[in-house]
Structures are given as C-alpha cells and as structure tokens.
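[1] Predicted model follows, preceded by the sequence.
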Amino acid sequence: MTFGSLVYRYDRIASTNAVAGEAAAQGAPEGAAFIADEQTSGRGLRGRTWYSPPGKGLYVSFILRPDASLHPLIPLAGGLAARQAVLESSGIRTNLKWPNDILYKGAKLGGILAEAVFSGSDIQYAVLGIGLNIDHRAEDFPPELAGRALSLRMITESAPPRETVFFALCRALDDVFARLAAGEGEELVRAFQAEMTFQPGAPIRLSVPEGETAGTYQGLTARGGLIVSVKGDDRVFHSAEISAADG
C-alpha cells in the first residue's frame, strides 16, 4: 500500500469520509485519497461538524483495508502521521490529545476520524479522515470556535501550500502503517503517549456515553486504550472525550 498513489479531488462535497466510504464499498484500492477544497458537512468524532471552509484547510480521507487486530490503533497512527506532516511542512511541534486531536498550545489544529465497516470479525474496509487547519485567519473561524481552534497561518503568519502538507502526510502514513504491519504497534502507542497533552499522573475529566467522570490518567494500553484511575480502580476506556479536570 502506498498512500496517495491514487488521488480523487473535489471542489465541494459534503464529506470526504462519506465519499471515500462509498468508493471503498465499490472496491476502490487501499491507500486511495479523497481530497476536497471544501466540505459542506465535514464530520468529526461523535457526530460533530468539522468546519471546512473553501481553500483553507487540508480535508482528506484515505481507504484502508487493515487486519482487524489493528483497528484500535488506526486513529493513533493517523494522529502520529498528521503530527509528523505538520512538523515536516511547517516546523511546528504539536501535541496529541487521545484519541484524535492535534493541538498547539491547547487549541485544535487538526483532527482524525477513523470509521470501519466489519464483515463478521473482519474489517471489510476502513476510512481514515484527517482535517488540518492551514490557511485560516482568526476571522475565518465561526464565533463558537474562537480561541479553541487555530491554523498554521495563525501560528507562523504564513502557511505552507496544502499540497506540501498532503504529500508530507502521505509519506508519514506510509511509515506508520508499515510499522504497524511489521508488528510495531506497541512502539507506536508509546510514541503517541510521549506526544500527548496529558502525561501520567494528570487529573482528567472524561465524557463517555454513560455520562461524565473524573480520575487520574495512568497511561495507554498496548492496544491504545486509555487507563484512568477512578476512585482507586484502574479502568480502561476505548472511547471518550477527555479534558483537564480543572479546565
């Protein structure tokens, strides 16, 4: 598999993940990329909207056909690759917030949305969507994102070409998924943990479907689960939104 060896480009579509999923179901090859200049219904985790104005960001989704055992590690691999692409194309060092955010000084620079379709216990296909804010100015974000989102232009007063970021992302994805296929999943989890905003011992708050809880972050499992000490008991979460306990 080579990421980006086949690229479909769109001026304006609802969602790159939706288009990539339709193509994957019809047999499009692994590694194919679907890029939009604008998304009218870009998606984030938990059904949230990914704000995708025209010409401002990189909005891209890739088709994957991984072994089912790698499923929990896909968003972490995507985050590591996105962080590397930002570093390579702009020199900006970012942090990762488990499981799917790329942050700079606590504000969101990018996000990951990994979706999979199973056939029994096997993955029929997965779609890895990545959004990176590149050329936005502060006034380009809606009021509800003020102070919570930023772009490479807002950090450096310039922005790398989106194509430069895209090809850096493809190279980084080639690397991390080759390492996953070679059995280096635990090493990638440790690499993700080293770049996380929260380090072991940090008090955090979790939002899960059952409600909210708080505890102390302990680390990640080899499968990428979040270990949190809640009232003295270590619990593993595979899906949650986390924030600083005092935030």
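    Perfect, thanks for sending it.
[2] Could you use CA atoms for every contact and neighbour count after this?
    Will do.
[3] what stretches of the chain score poorly on pLDDT?
    Residue ranges of the chain with pLDDT under 70: 246-247.
[4] all strands for it, in order.
    Remark: strands assigned in the chain by DSSP state E are 7-13, 33-39, 57-64, 95-97, 101-104, 107-119, 122-133, 203-208, 211-220, 226-230, 233-237, 241-244.
[5] which residues touch the shortest one?
    Translated: strand 95-97. Here strand 95-97 makes contact (C-alpha atoms under 8 Å, 6 or more residues apart in numbering) with 79-80, 83, 102-105, 192, 195-198.
[6] Including neighbour count and distance to T221, could those residues go into JSON lines?
    Formatted as JSON lines, those follow (neighbours: other C-alpha atoms under 10 Å; distance: C-alpha to C-alpha, whole Å):
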{"residue": "G79", "neighbour count": "27", "distance to T221": "17"}
{"residue": "L80", "neighbour count": "23", "distance to T221": "17"}
{"residue": "R83", "neighbour count": "26", "distance to T221": "21"}
{"residue": "I102", "neighbour count": "27", "distance to T221": "20"}
{"residue": "L103", "neighbour count": "22", "distance to T221": "22"}
{"residue": "Y104", "neighbour count": "20", "distance to T221": "25"}
{"residue": "K105", "neighbour count": "12", "distance to T221": "26"}
{"residue": "F192", "neighbour count": "22", "distance to T221": "11"}
{"residue": "E195", "neighbour count": "18", "distance to T221": "15"}
{"residue": "M196", "neighbour count": "19", "distance to T221": "14"}
{"residue": "T197", "neighbour count": "20", "distance to T221": "17"}
{"residue": "F198", "neighbour count": "21", "distance to T221": "15"}
